[in-house]
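Student: could you work out the structure for the sequence below:
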Amino acid sequence: MTAYRISRRRLFVTAGAGVVGLAVVNTLSACSSSSPPSQPVATTGAQPVPTGLPEGWHRVNRTYVSAYLLLRDKEVAIVDTGTPGSESAIEDGLKAAGTGFAAVKHVILTHYHDDHIGGLEGIEPKVKATFYAGSGDAGNIITDKPLKSLNGGDEIFGLRIVDTPGHTAGHISIFEPATGTLVAGDALRTQNGLESSDPQFTTNQSLATASVKALAQLDVKAILPGHGEPLTAGAKEALQKLAASL
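Tutor: Below you'll find the predicted structure:
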């Protein structure tokens with residue numbers, strides 16, 4: 001049985017440049033057929049030395065979903081923020097990597113589902129960072145900080161943005177050419193071997209398939225998915241085999 005997380009979102013209604021109204025709406029979202037816990041896991045944290053992950057990368061494993069940290073030259077990028085309440089686990093992950101929230105300069109969201117942006121509210125006041133999301137999803141994410149829209153080909157902190165629509169209209173993946181690391185959000189998953197976006201939570205299956213085929217053109221050496229374990233051996237071959245099967 002699938003569990004959906006219900007969240008309250010603020011929607012500002014504007015006329016011209018002025019805000020004239022405020023509404024609060026409920027949203028339902030889920031990304032995986034594996035149900036998340038009703039409350040975030042207390043202290044899963046991050047692996048202090050994530051064996052097999054490319055240099056600089058750290059995983060914050062929330063059991064149901066993962067966020068990722070990239071530490072380079074005393075500066076940090078966070079990719080996805082997990083379920084609501086994940087800020088403590090992300091802080092633990094930063095500490096395990098020898099750093100903290102003060103070093104975070106970039107927060108990149110692969111898509112708007114609550115299991116990937118849930119920790120955003122708790123992280124926002126703790127960091128002085130730029131927040132990013134794909135241009136097609138940015139309008140679905142309400143934050144207290146400005147949110148910068150991204151498109152395929154944009155580069156941040158040595159990371160290349162790859163448009164991977166399908167799971168959501170504005171889903172993005174993040175690729176680090178220097179190490180061949182692909183942070184795939186929900187464009188790929190590994191709970192049962194490498195697979196594409198879960199069809200029951202996918203907005204457009206044909207676009208999701210096209211996104212997998214596009215990712216297979218990259219020189220991928222490691223795949224860090226939102227759901228499932230990182231794939232750090234034979235990743236390119238597995239991705240090409242998946243793309244050929246779709």
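
Student: ok, the residue nearest to the spatial centre of the chain - contacts?
Tutor: Among the residues of the chain, the one closest to the centroid is Asp80, at 3.5 Å (CA atoms, centre = their mean). Residues near Asp80 by CB atoms under 8 Å, 6 or more residues apart in numbering: 65-68, 108-110, 116-117, 183, 185, 226. Where you see a C-beta, it was placed from the backbone N, CA and C, and this is true even at glycine.

Student: name the element Lys236 belongs to?
Tutor: Assigning secondary structure by DSSP states H and E places Lys236 in helix 235-245.

Student: what's across from Ala133 in the sheet?
Tutor: Leu109, Ser149 (DSSP bridges).

Student: looks like it contacts Pro146 (just checking).
Tutor: No: the pair Ala133 / Pro146 is not scored as a contact, 11.3 Å apart, by CB atoms under 8 Å.

Student: and these two? Which one has more around it.
Tutor: Ala133 (27 against 7; other CB atoms under 10 Å).

Student: hang on, the earlier thing: what does the model give the residue nearest to the centre of the chain for pLDDT?
Tutor: Note for Asp80: predicted pLDDT of 98.

Student: any idea how far Lys213 is from it?
Tutor: Taking CB to CB, to the nearest Å as the measure, Asp80 falls 23 Å from Lys213.

Student: before we move on, what about Gln240?
Tutor: For Gln240, the distance to Lys213 - CB to CB - is 9 Å.

Student: can you check Glu121 too?
Tutor: 35 Å.

Student: likewise for Leu207?
Tutor: Distance, Leu207 to Lys213, using CB to CB: 11 Å.

Student: out of the two, which sits in the busier spot?
Tutor: With neighbours defined as other CB under 10 Å, Leu207 and Lys213 compare such that Leu207 has more, 18 against 15.

Student: report the secondary structure state of that one.
Tutor: helix (DSSP: H, G, I helix; E, B strand; the rest coil).

Student: residues in contact with Ala222?
Tutor: If a contact means CB under 8 Å, 6+ apart, then Ala222 has 52-54, 57, 179-182, 230-232, 235 as its contacts.

Student: in ChimeraX, select just the buried ones from the residues you listed.
Tutor: Selection of buried members from the contacts of Ala222 for ChimeraX, criterion 16 or more other CB atoms under 10 Å:
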select :53,54,57,179,180,181,182,230,231,232,235
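
Student: from the contacts of Ala222, which land in helices?
Tutor: Ala235 (DSSP state H).

Student: out of the contacts of Ala222, who's nearest Asp154?
Tutor: Leu182 (15.7 Å; CB to CB).

Student: do you know how far the closest one is from Leu194?
Tutor: 11 Å.

Student: joint contacts of the two?
Tutor: Listed as contacting both Leu182 and Leu194 by CB under 8 Å, 6+ apart are 188, 223.

Student: check which residues of stretch 129-143 are buried.
Tutor: Buried, per 16+ other CB under 10 Å, within stretch 129-143: 129-138, 140-143.

Student: how many residues are close by Pro149?
Tutor: No, residue 149 isn't Pro; it's Ser. 14.

Student: what's near enough to touch it?
Tutor: Neighbours of Ser149 in contact, by CB under 8 Å, 6+ apart: 132-135, 138.

Student: what's the answer for Ala133, then?
Tutor: By CB under 8 Å, 6+ apart, the contact set of Ala133 is 108-109, 111-112, 141, 147-150, 170, 172.
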